[in-house]
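>>> Make a model of this:
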Amino acid sequence: MSDLFAPIPSYPTVQPAAAHAVPPVAEPAVTPLNVQTTIESVLLGSLPIDPERTIRFLNAENWFALGQEVMLLPAMRDGLYWMQSIEDGSETFLLIDPFLVASDFLVDLPDAVVTALGVTDSADIMVLTIVSLPTAAGDSATVNLASPLILSARSRSCCQLNASADTDPAAFTAFDFDRFVQQTEPSAAPAAARVA
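Numbers count the residues shown, from 1 in each chain. Sure thing, here's the model as predicted:
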């Protein structure tokens with residue numbers, strides 16, 4: 001599994017270098033003024049930008065712009081992720097492994113998407129869908145199964161498959177989000193896609 005999809009590890013302890021007659025002089029770290037090092041997320045607070053978790057959109061669909069960079073961060077439990085825009089701190093999406101809420105979910109990747117993402121092995125991709133949380137008491141969260149996000153750990157890129165204008169309303173599957181978050185074990189196998 002790629003580092004992109006792995007939980008955030010703890011930072012390793014740096015071991016002292018072997019003794020030298022003359023210790024090397026460390027150059028001070030210099031960050032160019034035009035390089036962004038943190039994101040001020042409205043929802044998640046101040047986040048350091050981690051290049052290992054940064055991905056770029058290769059298409060422009062719905063909320064995402066062509067070339068937009070985002071960070072993928074683990075959320076409350078396995079199978080949930082935060083997608084935080086690097087350019088706009090107000091753009092944060094909750095994503096879920098669609099197979100955890102719809103075990104019969106299937107996505108066929110068009111050849112153009114496979115080529116654009118540089119997919120050579122299905123283990124390098126992850127399929128996620130956007131969660132819309134309820135806005136009123138008694139409402140259910142929904143998952144947009146019609147427009148999944150296809151992420152490539154190898155190329156650190158992402159495409160969103162676009163839903164047709166006549167998308168079946170059943171593609172927006174309702175589920176009990178609170179109960180899902182409280183579950184300790186995933187209810188299905190990890191997301192996979194069939195490369196057409």
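
>>> D124 touches R154, doesn't it?
Yes. At 4.3 Å, D124 counts as touching R154 under the criterion of Cβ atoms under 8 Å. The C-beta positions use only the backbone N, C-alpha and C, and glycine is treated the same way.

>>> Could you report the neighbour count for A102?
By the criterion of other Cβ atoms under 10 Å, A102 has 16 neighbours.

>>> quick one: what helix or strand has it in it?
Following DSSP states H and E, one finds A102 outside all helices and strands.

>>> for D178, same thing?
Assigned by DSSP H and E, D178 falls in helix 177-182.

>>> which of the residues in that helix are buried?
F177, F180 (16 or more other Cβ atoms under 10 Å).

>>> One more: stretch 110-121?
V113, V114, A116, L117, V119.

>>> which among the residues you listed gets closest to T173?
Distance to T173, by Cβ to Cβ, is smallest for V113 among the buried residues of stretch 110-121, at 22.1 Å.

>>> how near is the nearest residue in space to that closest one that is not next to it in sequence to L44?
Leaving aside its chain neighbours, V113 sits nearest to C159 (5.1 Å; criterion: Cβ to Cβ, 6 or more residues apart in numbering). Counting by Cβ to Cβ, to the nearest Å, the gap from C159 to L44 is 24 Å.

>>> What helices and strands are in contact with the helix holding D178?
Identification of packing neighbours for helix 177-182 by 3 or more Cβ pairs under 8 Å, 6 or more residues apart in numbering; DSSP states H and E yields no helix or strand.
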